[in-house]
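Enquirer: predicted structure and sequence below. I'll ask about it afterward.
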Amino acid sequence: MSERIEQLKKSWEKRSCDAREKVRNTIRVMIASEMEITFSGVAKQSGVARSFLYKDPEIKQEIEKYRNETRDMAIRKAELRKRTAKSRDTVIESKDKKIKKLEEEIRQLKLELQTLRGQVCSGQAFL
């Protein structure tokens, strides 16, 4: 019976080792893909139970470390998008002002053109 228990222990250790390797590979892929690292996300991507991730101290520490890093990265990206949106709004506002200015200039030039045409037709234009 003791031999059977030893075989079960070895089998369990091998499965745990394989699961750890699977989790580490998944974390590397998620980081390369710039995905947010969470316990649920790693569990889902790797096919390993979430409880395993919480129970294994090394894996738990690794996920927490990368989770904090990816959270910080997500915050920086959100701030960048926010700044980008502000600058886009500023550019749009600037272009709107330019368009209004050009439309006013066109209106003035049309008015001058009509005035000059009227002078030419009545023979008042001087060359």
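Expert: Now that the structure is in, tell me what you want to look at.
Enquirer: would you report the backbone torsion angles of A49?
Expert: Dihedral pair for A49: phi -60, psi 140, per degrees, to the nearest 10.
Enquirer: so for it, what's the pLDDT?
Expert: pLDDT for A49: 90.
Enquirer: and the closest residue to it other than its chain neighbours, what does it touch?
Expert: On the basis of CB to CB, 6 or more residues apart in numbering, the spatially nearest residue to A49 that is not a chain neighbour turns out to be A43, at 6.5 Å. Quick note: C-beta positions are derived from backbone N, CA and C, even for glycine. The contact partners of A43, by CB atoms under 8 Å, 6 or more residues apart in numbering, come to 49-50, 52-53.
Enquirer: and with 10 Å instead?
Expert: Applying CB atoms under 10 Å, 6 or more residues apart in numbering to A43 gives the contacts 23, 26, 49-54, 63.
Enquirer: drop anything exposed from those.
Expert: Buried by 16 or more other CB atoms under 10 Å: 23, 26, 52-53, 63, out of the contacts of A43.
Enquirer: among those, which one lies nearest to Q119?
Expert: T26 (81.5 Å; CB to CB).
Enquirer: now whichever helix or strand the closest one is part of: average pLDDT?
Expert: Here T26, judged by DSSP states H and E, is contained in helix 2-32. Helix 2-32 shows a mean pLDDT of 89.
Enquirer: just to revisit the earlier point, greatest separation within the buried ones among the contacts of A43: which pair is it?
Expert: T26 and F52 (12.4 Å).
Enquirer: who touches both of those two?
Expert: 43, 46.
Enquirer: ok so, going back, how about the buried ones among the contacts of A43 in a markdown table, adding distance to G118?
Expert: Listed next are the buried ones among the contacts of A43 as a markdown table, based on distance: CB to CB, whole Å:
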| residue | distance to G118 |
| --- | --- |
| V23 | 85 |
| T26 | 80 |
| F52 | 89 |
| L53 | 85 |
| I63 | 81 |
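Enquirer: isn't D56 up against R50?
Expert: No. At 11.2 Å, D56 does not count as touching R50 under the criterion of CB atoms under 10 Å.
Enquirer: right, and I31 touches K65 too?
Expert: No. Look at I31 against K65 with CB under 10 Å: they stay out of range, at 11.0 Å.
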